[in-house]
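Asker: Provided below are the primary sequence and the corresponding predicted coordinates.
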Amino acid sequence: MTDKLKGVLPLAAVIGVLAFIYVEFTLNFTFQWFTDGDLGNGISLPANFHLIAPVGFISWGFYFAAGTGTDGVIKVSASSVIGSVGALLVMILAPELADFPDFWGISLMVAITAFLLVMTIPAGDWYYVPSAFGAYAAVVLWWFATGLDNWADSSGIIGGGVGNSPEALGDPTTAGYGAVLGILSTPYVWVWINVLVTLFIGVLMGWLSTTITGAITPAPDEEAPAEAADETAAE
């Protein structure tokens, strides 16, 4: 047990430090640095392009599940693109089938795109279905959280993508229904872009986790000769 803890300690420490840097960067990017106006409450209005801190941990985790290294980067990156495009099709086509408040258009498109994601398995070893579904879920979840732009607003109800400004947030007719009191009401295309970019950052965090850990941890084949030399000296 002690040896296992010692073995995982470098990786855990590296991930802990990177997680702090990642969350600090993404939250400040979204609410302090790349914004569309001061809200007067300590944070600013996020721009249409923003990063979603929790999303990066999805691809970060799948990087390890997919095998790490170059293979992990390729599998998770490619699958994130495919999964997110599947979700983009839902956001584009579902409102064409059924407007608010009928959910069957969304349900049907989810069924079709989920079927296609699984049928893509024969494409090759570079495709990792769990990661594709993770990316797919992240886009759809963020679409729901930010106001279901292109669907909820299609019947006159203010959903996402209303082009919020600090002034608009003060008017109930233009404030939007997105996350965080409406300040994350986001056009659906930007939902897709924001999630995909954040997923790529998560893959980068995974790669950095193993790369940095490998650089600061002696390899087993380097320790073995040293131990053999110590035993020879003792004899």
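Answerer: Received, thanks. Numbers count the residues shown, from 1 in each chain.

Asker: Share the number of residues neighbouring Phe31, please.
Answerer: By other C-beta atoms under 10 Å, 19 other residues sit near Phe31. Bear in mind the C-beta positions are built from the backbone N, C-alpha and C, glycine included.

Asker: Ok, Gly16 next?
Answerer: So Gly16, with other C-beta under 10 Å, has 11 neighbours.

Asker: What ranges does the protein have for its strands?
Answerer: Counting by DSSP state E, the chain has strands at residues 35-38, 44-46.

Asker: Spatially central, which residue of the protein would that be?
Answerer: With distances taken as C-alpha atoms, centre = their mean, the residue of the chain nearest its centroid is Val55 (2.8 Å).

Asker: Can you tell me how far it is from Val195?
Answerer: Distance, Val55 to Val195, by C-beta to C-beta, to the nearest Å: 6 Å.

Asker: Next, show the common contact partners of these two.
Answerer: Ala138, Trp142 (C-beta atoms under 8 Å, 6 or more residues apart in numbering).

Asker: Look up how far Leu88 lies from Thr213.
Answerer: The value you get for Thr213 to Leu88, if C-beta to C-beta is used, is 35 Å.

Asker: Tell me which of the two has more neighbours.
Answerer: Each of Thr213 and Leu88 has its neighbours counted (other C-beta under 10 Å); Leu88 has more, 22 against 17.

Asker: Quick one: the helices in the chain, in order.
Answerer: Counting by DSSP state H, residue ranges of the helices within the chain are 2-28, 53-65, 69-97, 104-119, 129-145, 166-169, 188-216, 220-234.

Asker: Quick one, which of the strands of the chain gets closest to Tyr22.
Answerer: strand 44-46 (17.3 Å; C-beta to C-beta).

Asker: So, low pLDDT: which residues of the chain?
Answerer: Filtered on pLDDT under 70, the chain yields the residue ranges 1, 3, 153-177, 181, 219-235.

Asker: ok, 80 please
Answerer: 1-7, 36-43, 151-183, 218-235 (pLDDT under 80).

Asker: Contacts only, for Leu199.
Answerer: Going by C-beta under 8 Å, 6+ apart, the list of residues near Leu199 reads Val55, Gly56, Ile58, Ser59, Val76, Ser80, Ser84, Ala135, Ala138.

Asker: hang on, the third one packs against Tyr136?
Answerer: No. Proximity of Ile58 to Tyr136 does not meet the contact threshold set by C-beta atoms under 8 Å, at 10.5 Å.

Asker: intersection of neighbour lists for those two?
Answerer: Counting by C-beta under 8 Å, 6+ apart, nothing touches both Ile58 and Tyr136.

Asker: Who has more neighbours out of these two?
Answerer: Neighbours around Ile58 and Tyr136, counted as other C-beta under 10 Å, are more numerous at Tyr136. The numbers are 25 against 22.

Asker: Excluding chain neighbours, give the residue nearest to the more buried one in space.
Answerer: Nearest residue to Tyr136, sequence neighbours excluded (C-beta to C-beta, 6 or more residues apart in numbering): Gly83, at 3.9 Å.

Asker: residues contacting the one you found?
Answerer: Per C-beta under 8 Å, 6+ apart, neighbours of Gly83: Leu117, Ser131, Ala132, Phe133, Gly134, Ala135, Tyr136, Val139.

Asker: Would you mind giving me the ChimeraX syntax to select the buried ones in the residues you listed?
Answerer: Here is the ChimeraX command that selects the buried residues among the contacts of Gly83 (16 or more other C-beta atoms under 10 Å):
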select :117,131,132,133,134,135,136,139
